[in-house]
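A.B. asks: can you look at this prediction? I've put the sequence above it.
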Amino acid sequence: MEKVELLPELLELFRQQGYEGVSIAHVSKATGLGKSSLYHHFPEGKEQMAKEVLEYIYKAVKQNFVAPLKAEGEPREKLTEMSKVIEGFYDSGRKGCLIDGLTLGEASAPFQQQVAQSLEAWIQAIADVAVEAGLTKKLARERAEAALIAIQGGLVVSRALRDYQIFKRVARSLPRLVLDGQ
């Protein structure tokens, strides 16, 4: 199995169990690879796995969330398209956020820069669309931050209540939240 093929599986493990909850034994069982094969792909162990998963996520954020926001089109249409992608990416709220699992407790220090880089790119792309729609830079930034807070909060609440309609409503409300402040 190629290293790149392992990243989606590792992503799901870290999403489900958090950094501290994942062991090399868990990874071995999930991937079907022995410890020696895992260390061949990831000589630095679990920390390297998490860093590479974060890089994988950063590329996915840029490709799936940021790039469509930078494409041609009306701001509301771009935000609506992003909302649909978010809904699919998080399986309507059924899939947790990797950021949560990698920023709690002692696990946060090695990953802080990568997590911040990914979030900042996403926030900036949303804010740029809001500025394009006529909002001031300050207000656009505040609403972009509120959009990410809504997404992350929606994930937590949906999963806790096992009511995935909550996340769907949050995702679908993002254009209105960013552009109209509602």
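C.D. replies: Done, it's in.

A.B. asks: for Gly73, which three-state class applies?
C.D. replies: When classified by DSSP: H, G, I helix; E, B strand; the rest coil, Gly73 comes out as coil.

A.B. asks: how about it, phi and psi?
C.D. replies: Backbone torsions of Gly73, given as degrees, to the nearest 10, read phi 140, psi 170.

A.B. asks: ok, now how distant is it from Thr80?
C.D. replies: Applying CB to CB, to the nearest Å, the value for Gly73 to Thr80 is 10 Å. (Glycine included, C-beta is placed from N, CA and C.)

A.B. asks: give me the pLDDT value at Val129.
C.D. replies: Predicted confidence (pLDDT) for Val129: 97.

A.B. asks: what about it, which helix or strand?
C.D. replies: helix 108-132 (DSSP states H and E).

A.B. asks: tell me the pLDDT at the residue sitting furthest away from the middle of the chain?
C.D. replies: Most distant residue from the mean C-alpha position of the chain: Ser36, 29.8 Å away (CA atoms, centre = their mean). pLDDT recorded at Ser36 is 91.

A.B. asks: I'd like to know which elements whatever helix or strand comes next after the helix holding Val129 is packed against.
C.D. replies: Next along the chain after helix 108-132, taking DSSP H and E as the criterion, comes helix 137-161. Applying 3 or more CB pairs under 8 Å, 6 or more residues apart in numbering; DSSP states H and E, we find helix 137-161 packed against helix 98-102, helix 108-132, helix 165-180.
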